[in-house]
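> structure for this input, please:
(chains A, B, C and D)
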Protein chains: 2
Amino acid sequence: MIYNRTNFCYTPKTWAISQVPQNLSEVNVRMSETLSDKEISLTFMKGLQVLAVFDATNREMTISDIAKKTKLNRTVVRRLLLTLEMMNYVECRNRLYRLTPRILRLAGGFLQSREIGKYATPILTNYSRIIRESISFAMLDGDEAVYVAHSPGDPAMITMGFTVGSRLPLHATAIGRTLLSFVEQNKQQELLKSISPRAYTPCTLTDKEDIIESLKESASLGYCLVQDEFEEGVTSLGVPVQHESGTLIGALGIVGPNPRFSDKEILENKKELLVECAASIAAIL
Amino acid sequence: MIYNRTNFCYTPKTWAISQVPQNLSEVNVRMSETLSDKEISLTFMKGLQVLAVFDATNREMTISDIAKKTKLNRTVVRRLLLTLEMMNYVECRNRLYRLTPRILRLAGGFLQSREIGKYATPILTNYSRIIRESISFAMLDGDEAVYVAHSPGDPAMITMGFTVGSRLPLHATAIGRTLLSFVEQNKQQELLKSISPRAYTPCTLTDKEDIIESLKESASLGYCLVQDEFEEGVTSLGVPVQHESGTLIGALGIVGPNPRFSDKEILENKKELLVECAASIAAIL
DNA sequence: TTTTTATTGTCCGATTATCGAACATATGAT
DNA sequence: ATCATATGTTCGATAATCGGACAATAAAAA
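Coordinates of the predicted model:
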């Protein structure tokens, strides 16, 4: 007998409530109310947590790293990583685990859907030629805007590193504020409650009243212009992509140094083209 | 007492071996040999299977659809889908489940990694301006080439619907054959064994000897040119992206109607620029 | 080198989360 | 109305997961 388990302690599903949703704001509140806890698969949740810790800044991690970040038991993380490795979603090079291109298979169904992959992207590219700006198509995900399609225009512009999958705050960017402005009212209320507006620059609107004011303005104008609020010297323009019914699908945005947007006429022209582009995309969705 | 379980039968882990890897060729053979089956998490595997059935052609499905496709028990699929729904990775609109933008969080760590998102994409865009062609960056995943970055050049070109996450066969495309040609020898052998070359057009090389011949030619030339083999009237050009050490990272490719590649000089020029682009990308990886 | 520290690998009993047949119900087509 | 199909729900059986404990290994410090 080698193992001497004196104070063996099996802590049961307590963590299931306290720990699984990485940040509570992300979990749809209505869901957690209606869905009873036993209807869900805890192991799968943990696995998804493990996958989700790989982000832009954490590209490769050790088992322990991931265990710390996810607050999961190390041996559990290990088993999940081995599972991922066996399925070729991750690879391990001297103890550092990283995602493989196989991971795109999980998102592939979304990215390559007819709507986005096949139709939206070409339209974006088309208009980016006309407007001579890099156009992004973002959708609402929790309290963030997510780029789901992107037409790189000016190479200098995308050096900021925004690509498909990039996430932006809703309150400080034009594309985000557009989403916030044109989303259905009750969702807007909910989001406004949940977000805590961080000041990216001294210009960032952090007071919720101010933000609401800006949203109202955008709603009446049909577009949103944000200057210096996410990055100083940078202006962004956003327009909504809506169904005929008015329901929000997403938003288009262009970004550039302030001077590009200073001329009223040019701005107006860009806006109109962007609106046209949004209509084209809405039409095929 | 309502329930009358006469012939209750609990079929245990038999499926774990027989059914989990959706197609066996995809599972790294060495893995399944070294990794014992109890070191992996079966529930997580099933969850990943469920996510993976969402692809370009199956964008929204019912629980039963997914159960059939994954060959998993319906109630199991249901539980997994509810888990995904609770975590906002899928949404359900009148019984049809579909992926949400949240899914990009799983792939985000890959797409936005410094290498690909921040550096590679701008370089691609840059060179696509110079070459005046849409350039794609693909990596090897199993027996397919996966687009991990893409610079849409000519809008007409990408109407084919290839975007990030798209998958191409290795044997019938230039970018795929480039990967196959420049990958390490034993991996090449392995892949050649596993693939069964489908004839996409009458021109497609389906005889493995012929393919090997073509691979050798590409290896000596340093690039790969494939005409009419994936789609008639279409030519594609591929060059490898390699570390200084020679290890393959991925491949760049451009695609277009045959006439674009017919002029020897223009072709040579495009090739050289593409090689240059590949070197730039290799340098920052 | 040796010591220390951190990370990883492995074991295996305890126990719970998962499984899935069975039944009930809802939906939709003919 | 009838049939067919999809979904919701239950609950006992049990197999998969959990995780503390220890060993082995690697990395860092003395």
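> against A:Val50, how distant is the nearest residue to A:Arg198 once chain neighbours are set aside?
Distances taken as C-beta to C-beta, 6 or more residues apart in numbering or on different chains put A:Pro169 closest to A:Arg198, at 6.8 Å, once the chain neighbours are dropped. Where you see a C-beta, it was placed from the backbone N, CA and C, and this is true even at glycine. Look at A:Pro169 and A:Val50: by C-beta to C-beta, to the nearest Å, they are 25 Å apart.
> more neighbours: these two, which one.
A side-by-side neighbour count of A:Pro169 and A:Val50, using other C-beta atoms under 10 Å in any protein chain shown, places A:Val50 first with 26 against 18.
> and the more buried one, what is it in contact with?
A:66, A:70, A:72, A:77, A:80-81, A:84 (C-beta atoms under 8 Å, 6 or more residues apart in numbering or on different chains).
> quick one on the thing from earlier: the residue nearest to A:Arg198 contacts A:Phe230, doesn't it?
Yes: with contact defined as C-beta atoms under 8 Å, A:Pro169 and A:Phe230 form a contacting pair (7.4 Å).
> between those two, which contacts overlap?
A:Tyr200.
> in the stretch 151-285 of chain A, what residue lies closest to DNA strand C?
The minimum distance from the stretch 151-285 of chain A to DNA strand C, using C-beta to the nearest atom of the strand, falls at A:Ser245 (19.7 Å).
> any idea how far A:Leu42 lies from B:Leu248?
In terms of C-beta to C-beta, A:Leu42 sits 39 Å off from B:Leu248.
> A:Arg102 too?
The value you get for A:Arg102 to B:Leu248, if C-beta to C-beta is used, is 16 Å.
> quick check: phi and psi on the residue of the stretch 151-285 of chain A closest to DNA strand C?
phi -60, psi -20 (degrees, to the nearest 10).
> ok, back up a step: take the contacts of A:Val50 and lay them out in TSV including distance to chain B.
Below are the contacts of A:Val50 laid out as TSV (distance: C-beta to the nearest C-beta, whole Å):
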residue	distance to chain B
A:Ile66	12
A:Thr70	13
A:Leu72	12
A:Val77	10
A:Leu80	6
A:Leu81	10
A:Leu84	8
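> keep only those of the residues you listed that are in strands.
If you go by DSSP state E, these have nothing in strands.
> how about the strands in the stretch 51-200 of chain A?
A:60-61, A:90-93, A:96-99, A:135-141, A:144-151, A:167-169 (DSSP state E, counting those that start in this stretch).
> mind putting those into TSV with mean pLDDT and distance to DNA strand D?
Formatted as TSV, those follow (pLDDT from 0 to 100; distance: least, C-beta to the nearest atom of the strand, whole Å):
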stretch	mean pLDDT	distance to DNA strand D
strand A:60-61	94	14
strand A:90-93	93	11
strand A:96-99	95	10
strand A:135-141	96	23
strand A:144-151	92	25
strand A:167-169	95	28
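> can you list these in CSV and add distance to DNA strand C?
Compiled in CSV, these are given as follows (distance: least, C-beta to the nearest atom of the strand, whole Å):
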stretch, distance to DNA strand C
strand A:60-61, 8
strand A:90-93, 8
strand A:96-99, 7
strand A:135-141, 25
strand A:144-151, 27
strand A:167-169, 27
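> distance to A:Lys264 for those - can I get that in a markdown table?
Converted to a markdown table, the strands of the stretch 51-200 of chain A look like this (distance: least, C-beta to C-beta, whole Å):
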| stretch | distance to A:Lys264 |
| --- | --- |
| strand A:60-61 | 48 |
| strand A:90-93 | 51 |
| strand A:96-99 | 46 |
| strand A:135-141 | 21 |
| strand A:144-151 | 25 |
| strand A:167-169 | 26 |
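> looking at chain A, which helix is longest?
Ranked by residue count and defined by DSSP state H, the top helix of chain A is helix A:264-284.
> neighbours of A:Asn73, how many?
Using other C-beta under 10 Å: A:Asn73 sits among 13 other residues.
> for it, which non-adjacent residue is spatially closest?
A:Asn73 sits nearest to A:Ala67 (C-beta to C-beta, 6+ apart), 6.9 Å away.
> A:Ile212 contacts A:Leu192, doesn't it?
Yes: in this structure, A:Ile212 is within contact of A:Leu192 by C-beta under 8 Å, at 6.9 Å.
> pLDDT weak spots in the stretch 101-250 of chain A?
A:153-161 (pLDDT under 70).
> go again using 80 as the cut-off
A:114-115, A:118, A:152-161 (pLDDT under 80).
> where does the stretch 151-285 of chain A come near DNA strand D, residue by residue?
Contact residues (C-beta under 7 Å from any atom of the strand) of the stretch 151-285 of chain A with DNA strand D: there are none.
> which parts of chain A belong to which domain?
A:14-104, A:112-284 (automatic domain parsing).
> most tightly packed of the ones you listed?
Neighbour counts (mean count of other C-beta atoms under 10 Å in any protein chain shown) averaged over each of these peak at domain A:112-284, with a mean of 19.
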